[in-house]
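1. Here is a sequence together with a model predicted from it:
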Amino acid sequence: MEKVLAGNAAAFEEIVRRWQGPLVSLAWRYCRDHSQAEELAQESFLRIYQRLASWRREAVFSTWMFAVATNVIRNRMRQRIPPQLDLDSAPAWAFMEDPVAAVERRDLRGRVRRAVRLLPGRYRDAVVAYYFQELDVRRAASILGLPEGTLKARLRRARALLARRLEGLAGC
């Protein structure tokens with residue numbers, strides 16, 4: 001980071017190589033389209049590079065970087081209509097013991113994903129960071145720029161909204 005902050009653009013290539021996969025993965029969790037996720041990751045890297053001077057060294061670089069990327073992705077996703085997921089294109093499991101149960105699970109996962117996508121942004125972001133990105137409360141709150149208590153409240157509210165929307169589905 002010292003080289004990058006000193007103006008060595010080539011050193012930033014190492015950061016891109018190291019974090020390309022995780023940022024594409026983060027973007028994919030929001031858009032569910034690999035090519036769009038790659039574009040969002042590239043846009044995030046551009047914004048990260050432009051804002052390097054604002055990184056306060058008391059914060060872990062990766063946490064700051066993910067916060068910038070999350071903001072870029074959320075802003076772009078607000079401007080786009082979310083694509084509908086085609087459940088038929090989901091990969092089939094090679095050794096399904098019970099095909100009916102597998103189809104029901106896939107259908108339930110699709111309904112849950114759609115329900116999460118339809119949540120208001122503040123709740124959707126909390127769910128994606130905590131459940132899909134599997135971040136702990138402290139890290140998810142830091143990336144989203146929220147106090148931990150606010151994140152916990154949003155997760156609780158999101159679960160309540162999802163429970164109402166998914167009522168009656170597979171024991172929800």
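-> Alright, I've got the coordinates. Residues are numbered from 1 along each chain as shown.
2. so where's this structure shaky on pLDDT?
-> By pLDDT under 70, the low-scoring segments of the chain are 80-103, 168-172.
3. Counting neighbours, what do you get for the spatially closest residue to residue 78 that is not a sequence neighbour?
-> Spatial nearest neighbour of residue 78, chain neighbours left out: residue 121 (6.9 Å); criterion: C-beta to C-beta, 6 or more residues apart in numbering. For every residue, glycine as well, the C-beta is placed using N, CA and C. Look at residue 121: counted by other C-beta atoms under 10 Å, it has 10 neighbours.
4. what's around the closest residue in space to residue 34 that isn't next to it in sequence, how many residues?
-> Spatial nearest neighbour of residue 34, chain neighbours left out: residue 28 (6.4 Å); criterion: C-beta to C-beta, 6+ apart. By other C-beta under 10 Å, 18 other residues sit near residue 28.
5. From what I see, residue 28 and residue 37 are in contact.
-> Yes. The pair residue 28 / residue 37 is scored as a contact, 3.9 Å apart, by C-beta atoms under 8 Å.
6. Need the overlap of contacts for those two.
-> Taking C-beta atoms under 8 Å, 6 or more residues apart in numbering as the contact rule, residue 28 and residue 37 touch no residue in common.
7. for the host helix or strand of residue 159, which positions count as buried?
-> Counting by DSSP states H and E, the element that carries residue 159 is helix 148-165. Of all the residues in helix 148-165, those buried under the rule 16 or more other C-beta atoms under 10 Å are 151-152, 154-155, 158, 161-162, 165.
8. Nearest to residue 111 among those?
-> residue 165 (8.5 Å; C-beta to C-beta).
9. can you list the domain ranges for this structure.
-> 2-79, 88-165 (automatic domain parsing).
10. Phi and psi next, for the residue nearest to residue 78.
-> phi -50, psi -40 (degrees, to the nearest 10).
11. Test my guess that it contacts residue 74.
-> Yes. Using C-beta under 8 Å, residue 121 makes contact with residue 74 at a distance of 6.6 Å.
12. residues contacting residue 23?
-> So residue 23 contacts 40-41, 44-45, 65-66, 69 (C-beta under 8 Å, 6+ apart).
13. Could you check how far it is from residue 44?
-> 6 Å (C-beta to C-beta, to the nearest Å).
14. Any buried residues in stretch 53-73, and which?
-> 55, 64-73.
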